[in-house]
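A.B. asks: sequence first, then the predicted structure:
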Amino acid sequence: MSGPAPVSIDIWVKRFGAREVLRDIALTLAPGERVAVLGPSGVGKSTLLRIAAGLDTAFEGTVRGAGRVAMVFQEPTLLPWRSARDNLVLAARIPAAEAEAALASVGLAGRGEAFPGHLSLGQQRRLALARALCARPEFLVLDEPFASLDAETAAGMRALTARLVAECGATTLLVTHAPAEAEALADRILVMSGTPAQLRPRGRSSGER
Ligand SMILES: Nc1ncnc2c1ncn2[C@@H]1O[C@H](COP(=O)(O)OP(=O)(O)OP(=O)(O)O)[C@@H](O)[C@H]1O
């Protein structure tokens, strides 16, 4: 092992058909750095994340240094016919006792037998977060993990995620359209805008809150 590496995402161009969605994106995350990308719906945030996580390789550019990646999707994407515990055991190949501890760490102690469909959306999101963290990622990618939660639940999730992400120490890339999420979780905030979309640091005076 040579120690943690920066994650470098260079996208010269990403197209869907003839349409350019992303162009000239150069983003380097220092080891352990947490970067949030803010931007309106449809601008290309999820596309950037899928490329960063290695799920989309149909682009011109490179992604380097990502190492072991875990992604939390907008939808929890759990195995519906497996218990909460088995969702962790199967995905991360960990013993049941470790899965129980992970459930407790996201406030799901005692819910190991529950099927995802019997959990609230907020609980499913926490289970999906636990699953990602159980993989002991070097690079954690979060795609609007708090979308469609009520304000109180989202605030609880933000605090929990901020604590767990800090504890796990993974280099983290988060996309959201909620500035409060970006501020709670990130060391650095970037804004994605334009067609094709580009990234720039968040300005202080442009009304981007
Ligand atoms: N598989 C695909 N094929 C064609 N077009 C796509 C595909 N995936 C995304 N797009 C288009 O690319 C653009 C960027 O989509 P993307 O999902 O990255 O946006 P986003 O910023 O994540 O939006 P949201 O905040 O609503 O999730 C959109 O115009 C979308 O319609």
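C.D. replies: Thanks, I have the structure now.

A.B. asks: excluding chain neighbours, what is closest to residue 52?
C.D. replies: residue 9 (5.2 Å; Cβ to Cβ, 6 or more residues apart in numbering). C-beta coordinates here come from the backbone N, C-alpha and C atoms, glycine included.

A.B. asks: same check on residue 44?
C.D. replies: Per Cβ to Cβ, 6+ apart, closest to residue 44 is residue 197, 4.1 Å.

A.B. asks: stretch 15-29 and the ligand in contact?
C.D. replies: Yes. Looking at stretch 15-29 against the ligand by Cβ under 6 Å from any ligand atom, the contacts come from 16, 21.

A.B. asks: please name the bridge partners of the most centrally placed residue in the chain.
C.D. replies: Computing the C-alpha centroid of the chain and ranking residues by Cα atoms, centre = their mean puts residue 142 first, at 0.8 Å. Residue 142 has these beta-bridge partners by DSSP bridges: residue 72, residue 174.

A.B. asks: and this structure, which residues reach the ligand?
C.D. replies: Remark: the part of the chain in contact with the ligand comprises 16, 21, 39, 41-47, 177, using Cβ under 6 Å from any ligand atom.

A.B. asks: hmm, 5 Å instead?
C.D. replies: Residues of the chain found near the ligand (Cβ under 5 Å from any ligand atom) are 16, 21, 41-47.

A.B. asks: may I ask which two of the residues you listed are separated the most?
C.D. replies: 16 and 41 (15.8 Å; Cβ to Cβ).

A.B. asks: which of those two has more residues huddled nearby?
C.D. replies: residue 16 (11 against 8; other Cβ atoms under 10 Å).

A.B. asks: neighbours around the nearest residue to residue 12 once chain neighbours are set aside, how many?
C.D. replies: The shortest distance from residue 12 to any non-neighbouring residue, by Cβ to Cβ, 6+ apart, is to residue 60 (4.3 Å). Residues within reach of residue 60, counting by other Cβ under 10 Å, total 12.

A.B. asks: I figured residue 60 was touching residue 13, is that so?
C.D. replies: Yes. Between residue 60 and residue 13 there is a contact under Cβ atoms under 8 Å: 4.9 Å.

A.B. asks: coming back round to it: roughly how far apart are the residue nearest to the centre of the chain and residue 129?
C.D. replies: Here residue 142 is placed at a distance of 8 Å from residue 129 (Cβ to Cβ, to the nearest Å).

A.B. asks: what's the overlap in contacts for the two?
C.D. replies: Listed as contacting both residue 142 and residue 129 by Cβ atoms under 8 Å, 6 or more residues apart in numbering are 72, 161.

A.B. asks: bridging residues for residue 20?
C.D. replies: For residue 20, the beta-bridge partners are residue 15 (DSSP bridges).
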